[in-house]
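In: predicted model, plus sequence, below.
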Amino acid sequence: MRRQRNVKIVATLGPASDSYDMIRALHEAGADVFRLNMSHGTQDEIREKHRIIRQVERDLDSPIAILADLQGPKLRVGDFANSAEELEDGAPFRFDLDKTLGDASRVCLPHPEIFEALNPGATLLVNDGKIRLKVEKCGPDFADCSVIAGGTISNHKGVNVPDVVLPLAALSEKDRSDLEFACQLGVDWLALSFVQRAKDVHEGRALADGRAAILSKIEKPAAVEAFNEILDASDGIMVARGDLGVELPVSAVPPIQKRMVRKCRAAAKPVIVATQMLESMIESPMPTRAEVSDVATAIYEGTDAIMLSAESAAGQYPVEAIQTMDKVAIEVEADPTYTQIISSSRSAKGNSVADAIVAAAREIAEKTEIKAICCFTQSGTTALLTARERPGVPIIAMTSLKGTARRLCLSWGCNCVMTAELERFKGAVVNAARAARSRGFADESDQIVVTAGVPFNVPGTTNILRVAPCDERLINNTDPE
């Protein structure tokens, strides 16, 4: 299914979008990737959503990527005798390991790892940062705090500790179970929550064992500090702005987002900008102007994908939210300023033959009347390198591996087409021309650029480029060798 834009759209599935008709409507409206949130729903419910997505994929003959988002460890307070208490500014409050029901002076925080890491002066945030406390004194089983910003604290509210690296694994026992379940289902991407260091990514990759690509969610200050190492260890990145905005000053999030998008692009790894992009559309059929501007900004920055969370999972207007993102993307990418920004932010990276081939393909396409760049890829690397160039013509990523086609649905500009395994470059050129013609990227009088690696079916061998016509002689495979 050809899109009229390059940036991809990720839609989270939930109660508002769990039927065949709705999932198909979301894909037809513009969703390229479906996110399965492992924090919500049983494994049986996740399995059913996965089954429906694959059915839609078959019915529409359109590759779809599935992203399983692991919950990560959840830090929460215990129970209160009155279910909730009001904390006043300046009041003392204690967190401890005592399981006695809490009151206005204390509550259980059943996470000894937090107390091990705390130091006087550290900050504790409760209920998405609405309540802020400063640690005055602490030990292995308690933290005496003063309330900096008060509010209502109630049973099982979440706790954030922005000032320290917690000695917690990114994968809980639930996550390990969900990871194995998702890999057996056959998801294409695994999103790791609570990543603080590259070690967390390596652990997830070892458990996945090549069955899914690894995407790291950047939602902790420690992850921002270790971003370069995390990026090196990951196949992709999600800028999870909601949690970042809790643990960091909200004013710091936009420049962090911009830096991460640029670094991901330079590394030829897809990046998703996520959280609250069209939040008002949970209840309204129309977004706010600020939300539209936020979506547009991410696209101008060159992100690979933009994501909907509750808007498509639980909102009243999931299809309209997808359509809004689609329209904004088309409008932005048609703006000459977008082309200028993307071109000016392009930087030469790498000195391999493959780097040179994709750079040459982009330059040829921009200086001539080339209609598309068609790259044959097994692992997906050639398509990722081509996407890094952000060419001004469509990218047709051709592969014989269904898993590769699905994973590339997350990458900027990649139109994924399945093809048979090939032995000769001539066959690749013929198949490329046929795909360009049949999918409306070119007609008989047009030319395309074809890149591939010889010998075929060997990852990492991109070493050949040809400008090919799309005329009937080639389509009918009568072009001389």
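Out: Here it is on my side, so go on. Numbering: from 1, shown residues only.
In: and Asp89, how far from Ala206?
Out: In this structure, Asp89 and Ala206 are 46 Å apart, going by CB to CB, to the nearest Å. Just so you know, the C-beta spots here come from the backbone N, C-alpha and C atoms, and that holds for glycine as well.
In: that should have said Gly392, apologies.
Out: With the distance defined as CB to CB, Gly392 ends up 40 Å from Ala206.
In: again, but for Glu444
Out: 51 Å.
In: who has more neighbours, the two?
Out: With other CB atoms under 10 Å as the criterion, Glu444 and Ala206 differ in neighbour count, and Glu444 comes out ahead with 13 against 9.
In: where does that one land in three-state SS?
Out: coil (DSSP: H, G, I helix; E, B strand; the rest coil).
In: look up phi and psi at the closest residue to it other than its chain neighbours.
Out: Nearest residue to Glu444, sequence neighbours excluded (CB to CB, 6 or more residues apart in numbering): Asp471, at 5.2 Å. Torsion angles at Asp471 (phi, psi; degrees, to the nearest 10) stand at phi -80, psi 170.
In: span of stretch 163-181 from start to end?
Out: Start and end residues of stretch 163-181 are separated by 34 Å (CA to CA, to the nearest Å).
In: all helices for the stretch 51-200 of the chain, in order.
Out: Remark: helices of the stretch 51-200 of the chain, listed N- to C-terminal, are 112-117, 173-185, 198-208; assignment by DSSP state H, counting those that start in this stretch.
In: and for the first one, what are the contacting residues?
Out: This means helix 112-117. With CB atoms under 8 Å, 6 or more residues apart in numbering as the test, helix 112-117 has contacts from 75, 95, 97, 109, 138-143, 159, 161, 164-168.
In: hmm, Asp443 and the residue nearest to Glu444 touching each other?
Out: No. With contacts counted by CB atoms under 8 Å, Asp471 stays clear of Asp443, the gap being 9.5 Å.
In: neighbour count winner among those two?
Out: Relative neighbour count places Asp471 above the other of Asp471 and Asp443, with 16 against 11, counting by other CB under 10 Å.
In: okay, the more buried one and Arg434: tell me how far apart.
Out: Asp471 sits 12 Å away from Arg434, taking CB to CB as the criterion.
In: now Glu333
Out: 27 Å.
In: so where is the stretch 351-481 of the chain shaky, pLDDT-wise?
Out: Within the stretch 351-481 of the chain, the stretches falling below the threshold (pLDDT under 70) are 477-481.
In: go on, the chain?
Out: 348-349, 477-481.
In: report the central residue of it.
Out: Using CA atoms, centre = their mean, the residue of the chain that lies closest to the mean C-alpha position is Ile272, 3.7 Å off.
In: and that one, that one's in a helix?
Out: No. Ile272: not assigned to a helix; according to three-state DSSP it is strand.
In: from memory it sits against Ser309, does it?
Out: No. Contact status for Ile272 versus Ser309: not in contact, 11.1 Å apart, counting by CB under 8 Å.
In: can you show me the helices along the stretch 201-350 of the chain?
Out: Counting by DSSP H, counting those that start in this stretch, one finds helices in the stretch 201-350 of the chain at the ranges 221-225, 227-233, 241-247, 253-266, 289-300, 310-313, 318-333, 336-344.
In: which elements pack onto the fifth one?
Out: So that's helix 289-300. Applying 3 or more CB pairs under 8 Å, 6 or more residues apart in numbering; DSSP states H and E, one finds that helix 289-300 makes contact with strand 305-308, helix 318-333, helix 336-344.
In: repeat the analysis, applying 10 Å as the threshold.
Out: helix 253-266, strand 271-274, strand 305-308, helix 318-333, helix 336-344 (3 or more CB pairs under 10 Å, 6 or more residues apart in numbering; DSSP states H and E).
In: now do the longest one
Out: Using 3+ CB pairs under 10 Å, 6+ apart as the contact criterion, the neighbours of helix 318-333 among helices and strands are strand 8-13, helix 20-29, helix 289-300, strand 305-308, helix 310-313, helix 336-344.
In: with the third one instead?
Out: Counting contacts by 3+ CB pairs under 10 Å, 6+ apart, helix 241-247 is packed against strand 123-126, strand 159-160, strand 213-218, helix 221-225, helix 253-266, strand 271-274.
In: at 6 Å instead, please
Out: Where contact means 3 or more CB pairs under 6 Å, 6 or more residues apart in numbering; DSSP states H and E, helix 241-247 is packed against helix 253-266.
In: buried set for the helix it packs on?
Out: Along helix 253-266, these residues count as buried under the neighbour rule (16 or more other CB atoms under 10 Å): Val253, Ile256, Gln257, Lys258, Met260, Val261, Arg262, Cys264, Arg265, Ala266.
In: quick one: that helix to chain centroid distance?
Out: Once both centres are worked out by CA atoms, centre = their mean, to the nearest Å, helix 253-266 turns out to sit 13 Å from its chain's centre.
In: give me the contacts around it.
Out: Contacts of helix 253-266 from elsewhere in the structure, counted by CB atoms under 6 Å, 6 or more residues apart in numbering, are Val224, Ile237, Val239, Arg241, Leu244, Gly245, Val271, Glu301, Gly302, Thr303, Lys349, Arg388.
In: would you reformat those residues as a markdown table and include distance to Ala16 and neighbour count?
Out: Below are the contacts of helix 253-266 laid out as a markdown table (distance: CB to CB, whole Å; neighbours: other CB atoms under 10 Å):
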| residue | distance to Ala16 | neighbour count |
| --- | --- | --- |
| Val224 | 32 | 19 |
| Ile237 | 27 | 28 |
| Val239 | 24 | 25 |
| Arg241 | 22 | 23 |
| Leu244 | 26 | 24 |
| Gly245 | 24 | 19 |
| Val271 | 26 | 30 |
| Glu301 | 29 | 20 |
| Gly302 | 30 | 22 |
| Thr303 | 25 | 28 |
| Lys349 | 41 | 15 |
| Arg388 | 35 | 28 |
